[in-house]
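In: requesting a structural model of the entry that follows:
(one chain, ligands or ions: 1)
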Amino acid sequence: MPVINRNTRNYPWGHERRFNDYSNYFRNIYGARVQKVSIDAGFTCPNRDGTKGTGGCTYCNNDAFNPSYCLPEKSITKQIEEGIEFHKWRYTEAVSYLAYFQAFSNTHAPLDKLKNIYEEALSYPGVIGLIIGTRPDCIDEEKLAYLKELSERCYIAVEYGIESCYNKTLLRINRGHSYEDAVWAVERTSALGINAGAHFIFGLPGETREEILSQVSVISKLPLKTIKFHQLQIFRGTAMEKEFQDRDDDFELFSLEEYLDFFVSFLEQLNPAFVVERFTGEAPPRFLAGEGWGKIRTDQIVSLIEKRLEELDTWQGKKYEEI
Ligand code: SF4
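Out: Modelled structure (predicted):
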């Protein structure tokens, strides 16, 4: 269990928030706010383009998350320029940027193509690094060796969509990779000194609450730097929407109240070394196949979770035990 200084309320991550949060992580490294700028570089995925399958993951609607300035028809440079403008009104103090390759699988291309894309982003003034969202089966030794080289001159993080530790779930949602693939990718990335991130979805069909919660001990063993969580949201026009209409008894979607309780339990068992970037996902209501959680914003949910941590006098990793 981490050592806590109860007088100053300083946690192992060096500040007073009750979880190891993402913005403070960058402040600690760079001494200032760092802003992510999303890019859609026109990639696809192996379970969409026929390499492994078609149709993609059953829940996927990338449009629900892609900012409006991200269009693959625009150059990388143009998207960064517009992304910086987009964020300026809200975050006036951001002076450094991370190019965030967000849409689809951003290592699913030959290395030469990847080099051109990444280098264009890194040549933009103020861009200090890359965050590359991808799948565990879209990385290999050659690409990792190049990313290791890059990571010696700028910030590099590879964020893997893992989604679940259960292969039965990964099969059902048509991921096209296994949990073992994810373990390999994360371990290899981290072993090379590259920041490894992961993304998980809570509430996938066929998983009980107990199964979802018990993933925490499995996830906590991964050599991750950052982690993101989303509650399952069902999007219009997806295969999952149809499945939900046909078999809604096999889905246990979280209400907001249930999620707050669940997430606090999960967080207090989570490895305190992981920097937690997101607790929930947020998508415009027009994409949702149901009511969702209404108009509550992500930052409001973070506040509610922090309030609950305070009330229960608990924190990330309070119940974590290294195995
Ligand atoms: S890998 Fe990601 S982008 Fe590709 S289909 Fe699945 S969720 Fe969508």
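In: in contact with the residue in the stretch 101-250 of the chain that the ligand sits nearest to, which residues?
Out: Distance from the ligand to each residue of the stretch 101-250 of the chain (C-beta to the nearest ligand atom) is smallest for Phe104, at 4.4 Å. Where you see a C-beta, it was placed from the backbone N, CA and C, and this is true even at glycine. Applying C-beta atoms under 8 Å, 6 or more residues apart in numbering to Phe104 gives the contacts Asp40, Phe43, Thr44, Cys45, Arg48, Asn62.
In: kindly recompute the last result at 10 Å.
Out: By C-beta atoms under 10 Å, 6 or more residues apart in numbering, Phe104 lies in contact with 40-45, 48-49, 56, 60, 62, 66, 72, 133-135, 138.
In: equivalent analysis for Tyr22, please.
Out: If you count contacts by C-beta under 10 Å, 6+ apart, Tyr22 has them with Val34, Lys36, Thr226, Ile227, Lys228, Val275, Val276, Glu277, Arg278.
In: low-scoring stretches of this structure, by residue?
Out: In the predicted model of the chain, residues 1-9, 64-66, 94, 322-323 satisfy pLDDT under 70.
In: one more time with 80, if that's ok
Out: Within the chain, the ranges that satisfy pLDDT under 80 run 1-10, 62-70, 89-95, 290-291, 321-323.
In: what number of residues lie near Gly53?
Out: Each residue near Gly53 was counted by other C-beta atoms under 10 Å, and the total is 15.
In: right, and it touches Asp137 too?
Out: No: applying C-beta atoms under 10 Å, one finds Gly53 not in contact with Asp137, separated by 11.3 Å.
In: pull up the overlap in contacts between those two.
Out: Shared contacts of Gly53 and Asp137, counting by C-beta under 10 Å, 6+ apart, come down to Cys45, Pro46, Asn47, Arg175, Gly176.
In: restrict these to those near the ligand?
Out: Subset of those in contact with the ligand: Cys45, Asn47, counting by C-beta under 6 Å from any ligand atom.
In: dump the shared contacts of Gly53 and Asp137 into a markdown table; add secondary structure as well.
Out: Converted to a markdown table, the shared contacts of Gly53 and Asp137 look like this (DSSP: H, G, I helix; E, B strand; the rest coil):
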| residue | secondary structure |
| --- | --- |
| Cys45 | coil |
| Pro46 | coil |
| Asn47 | coil |
| Arg175 | coil |
| Gly176 | coil |
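In: the ligand contacts on this protein?
Out: Applying C-beta under 6 Å from any ligand atom, we find that the chain lies next to the ligand at Cys45, Asn47, Arg48, Gly56, Cys57, Cys60, Asn62, Phe104, Ser105, Arg135, Gly161.
In: just the buried members of the residues you listed?
Out: Listed as buried from these are Cys45, Asn47, Arg48, Gly56, Cys57, Cys60, Phe104, Ser105, Arg135, Gly161; burial here means 16 or more other C-beta atoms under 10 Å.
In: how about the nearest residue to the fourth one, chain neighbours excluded?
Out: So that's Gly56. With sequence-adjacent residues excluded and distances taken as C-beta to C-beta, 6 or more residues apart in numbering, Gly56 is closest to Arg48, at 4.3 Å.
In: is it true that the one you found touches Cys57?
Out: Yes: counting by C-beta under 10 Å, Arg48 touches Cys57, with 8.7 Å between them.
In: identify the contacts common to these two.
Out: With contacts taken as C-beta under 10 Å, 6+ apart, Arg48 and Cys57 have Asn174, Gly176 as neighbours in common.
In: so which residues of the protein form strands?
Out: Applying DSSP state E to the chain gives strands spanning 34-39, 96-101, 127-134, 155-163, 195-202, 226-231, 275-278.
In: now do the contacts for the nearest residue to Ala41 once chain neighbours are set aside.
Out: In space, and not counting its chain neighbours, Ala41 is closest to Ile117: 5.2 Å by C-beta to C-beta, 6+ apart. For Ile117, the contact set (C-beta under 10 Å, 6+ apart) comprises Ile39, Ala41, Gly42, Phe43, Ile76, Ala99, Phe101, Asn106, Ala109, Leu130, Ile132.
In: so which of those is the most crowded?
Out: Ile39 (31 neighbours).
In: now do the contacts for Ala41.
Out: 70, 72, 75-76, 79, 99, 101-104, 106, 109, 113-114, 116-118, 120-121, 132.
In: my bad, Glu149
Out: Contacts of Glu149 (C-beta under 10 Å, 6+ apart): Ile156, Leu192.
In: how about the helices in the stretch 151-300 of the chain?
Out: Ranges of helices within the stretch 151-300 of the chain are 167-172, 179-191, 209-219, 239-246, 256-267, 298-311, based on DSSP state H, counting those that start in this stretch.
In: Leu98 reaches Glu159, doesn't it?
Out: No: with contact defined as C-beta under 10 Å, Leu98 does not count as touching Glu159 (11.3 Å).
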